[in-house]
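A.B. asks: Fold the following and give me the result.
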Amino acid sequence: MPVLLLILSSIVVLLAIVGIIFIMRSFFLTLSVRKHGIPILATVTKIDREYVSSIGSGYTISYFVRADWKDPETGAVYHFKSYAGGASLPINHPPGSSINVLIDPRNPRRYEVQLRFEDRSFV
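C.D. replies: The predicted structure is shown next:
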């Protein structure tokens, strides 16, 4: 029994270390894109609406922007998906509109979609 407990605790610790490394890598890649990325204008193709369960309040609605950009030099088309945004996201970024994206010039698959969160519905 103690050997099994030692093995299970080792697996949990290993998974925690791998998770921390993954989170740190993602964080530093985002910082790198923010510092060295080049801005491009992509075209919003779709707004996804997803229900996300939350503790205590049942669920919330999150929005994700999907956008495409065609590299004029290579002709390659890149697809981007934003992180979750709030209710003003569909108003600020309707399909067909342009959206700013920072891309890593060496690897455009590393990117950050720059969302506008201000509510323009009352302007």
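
A.B. asks: how's the protein carved up into domains?
C.D. replies: Listed by automatic domain parsing, the domain ranges of the chain are 1-36, 38-123.

A.B. asks: Please enumerate the helices of the protein.
C.D. replies: Taking DSSP state H, the helices of the chain run over residues 2-36, 89-92.

A.B. asks: Mean neighbour count and mean pLDDT added to the domains of the chain, as JSON lines?
C.D. replies: Every residue, glycine included, has its C-beta placed from N, CA and C. JSON lines is the format used below for the domains of the chain (neighbours: other CB atoms under 10 Å; pLDDT from 0 to 100):
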{"stretch": "domain 1-36", "mean neighbour count": "10", "mean pLDDT": "81"}
{"stretch": "domain 38-123", "mean neighbour count": "14", "mean pLDDT": "81"}
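
A.B. asks: Now do the contacts for the residue sitting nearest the centre point of the chain.
C.D. replies: Centroid-nearest residue in the chain, with CA atoms, centre = their mean: residue 83, separated by 3.5 Å. Counting by CB atoms under 8 Å, 6 or more residues apart in numbering, residue 83 touches 64, 113, 115.
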